[in-house]
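J.: using only what follows, build the 3D model:
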Amino acid sequence: CSAPLSFPPTPGMIVSGISRLCFSALEPFGELQREVELHRTYVSQSVHLFILYFFNMAVLATYLPQEVLKLIPLLTGLFAISRLIYWLSYAIGRSFRAFGFSMTFLPLLAMLLWNLYSMFILEPENLLA
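T.: Okay, here's the model as predicted:
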């Protein structure tokens with residue numbers, strides 16, 4: 001179910017490559033233009049958050065009861081949509097990106113806290129088994 005999570009960085013990678021090709025520079029490895037730097041930052045942040053989200057999602061899927069497992073696809077969709085909102089708001093201006101980042105970070109933090117609670121409080125006897 002976490003396979004669609006690899007989608008959000010992909011448009012950023014494509015646009016980053018196109019923007020790097022479109023901006024002519026005498027030194028291609030020199031100072032980056034603002035537009036190129038914007039997409040590069042988005043892609044690197046998305047990859048880092050994707051790794052955190054993927055591992056939290058894997059642990060969350062093991063500790064959730066059967067009735068609540070429908071949250072996994074919903075959280076996956078929320079991550080994808082929130083990264084796209086973050087990308088659009090980051091392109092508009094740096095002051096608008098807090099909403100998209102909070103839509104990504106707060107569910108990630110909630111999953112981390114639930115995972116730690118499940119591992120150490122609810123089932124401490126199965127921690128190392």
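
J.: can you list the domains in the protein?
T.: 35-95, 97-128 (the TED database).

J.: right, so these: which one is the most enclosed?
T.: Greatest average neighbour count among the domains of the chain goes to domain 35-95 (a mean of 16), per mean count of other CB atoms under 10 Å. For the C-beta atoms, the positions are set from N, CA and C on the backbone; glycine is no exception.

J.: so who does residue 118 touch?
T.: residue 63 (CB atoms under 8 Å, 6 or more residues apart in numbering).

J.: for residue 70, grab phi and psi.
T.: Per-residue torsions, residue 70: phi -70, psi -10 (degrees, to the nearest 10).

J.: before we move on, the earlier item: mean pLDDT for the domains of the chain - can I get that in a markdown table?
T.: Listed next are these as a markdown table, based on pLDDT from 0 to 100:
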| stretch | mean pLDDT |
| --- | --- |
| domain 35-95 | 85 |
| domain 97-128 | 86 |
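
J.: got a pLDDT number for residue 32?
T.: For residue 32, the pLDDT comes out at 57.

J.: report all helices and strands that the one helix or strand residue 106 maps to contacts.
T.: Assigned by DSSP states H and E, residue 106 belongs to helix 98-117. Secondary-structure packing of helix 98-117 (3 or more CB pairs under 8 Å, 6 or more residues apart in numbering; DSSP states H and E): helix 34-63, helix 71-92.
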